[in-house]
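Trainee: Quick one: sequence and predicted model below, then my questions.
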Amino acid sequence: MFQLFPSWQGSFDGGRPFLSGLENKRVIAALQHGLISDAELQSPLHLIRSPDSPFLKVPSLPYHSLISILSKIPSDKDSKVFWSGNLRDMLYGMSKTYFV
């Protein structure tokens, strides 16, 4: 899970993020930063928009990355505290734009 969400400052229990066992400063930082940053979402988006980029050897890879993020982001009631409404809206917009 850390490969998909490298900026997450907490831990994972299987596929679920959690904060137990962390000191208070790290808990606060993890909650403020969230599960995934805007920059981490912008990377696959940039590659989707620029399929002729010299950094992209296989044009379908950014789509696979986006699908992995969408399928692995925890959506259970307790885990929603780890991601903001802005992140939700951004993921929805990306999905609507590129998969519809």
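Mentor: Sure, I can see it.
Trainee: residues in contact with the residue nearest the centre of the chain?
Mentor: Closest residue to the average C-alpha location of the chain: residue 36 at 4.1 Å, with CA atoms, centre = their mean. By CB atoms under 8 Å, 6 or more residues apart in numbering, residue 36 lies in contact with 4, 5, 7, 8, 69, 73, 83, 87. Placement of C-beta: from N, CA and C, glycine included.
Trainee: Torsion angles phi and psi at it?
Mentor: Torsion angles at residue 36 (phi, psi; degrees, to the nearest 10) stand at phi -150, psi 140.
Trainee: now it: how far from residue 59?
Mentor: Note on residue 36: its distance to residue 59, by CB to CB, to the nearest Å, is 23 Å.
Trainee: do residue 34 as well
Mentor: From residue 34 over to residue 59 the distance is 29 Å, taken as CB to CB.
Trainee: So the two - more neighbours on which side?
Mentor: Per other CB atoms under 10 Å, whichever of residue 34 and residue 59 has more neighbours is residue 34, with 19 against 13.
Trainee: so what pLDDT did that one get?
Mentor: Per-residue confidence (pLDDT) for residue 34: 83.
Trainee: One more: residue 100?
Mentor: 65.
Trainee: How about residue 48?
Mentor: pLDDT, read off for residue 48, is 81.
Trainee: Burial check on it, number of neighbours?
Mentor: When neighbours are defined as other CB under 10 Å, residue 48 has 20 of them.
Trainee: Return the residues in contact with it.
Mentor: Residue 48 is in contact with 62, 63, 66, 98, counting by CB under 8 Å, 6+ apart.
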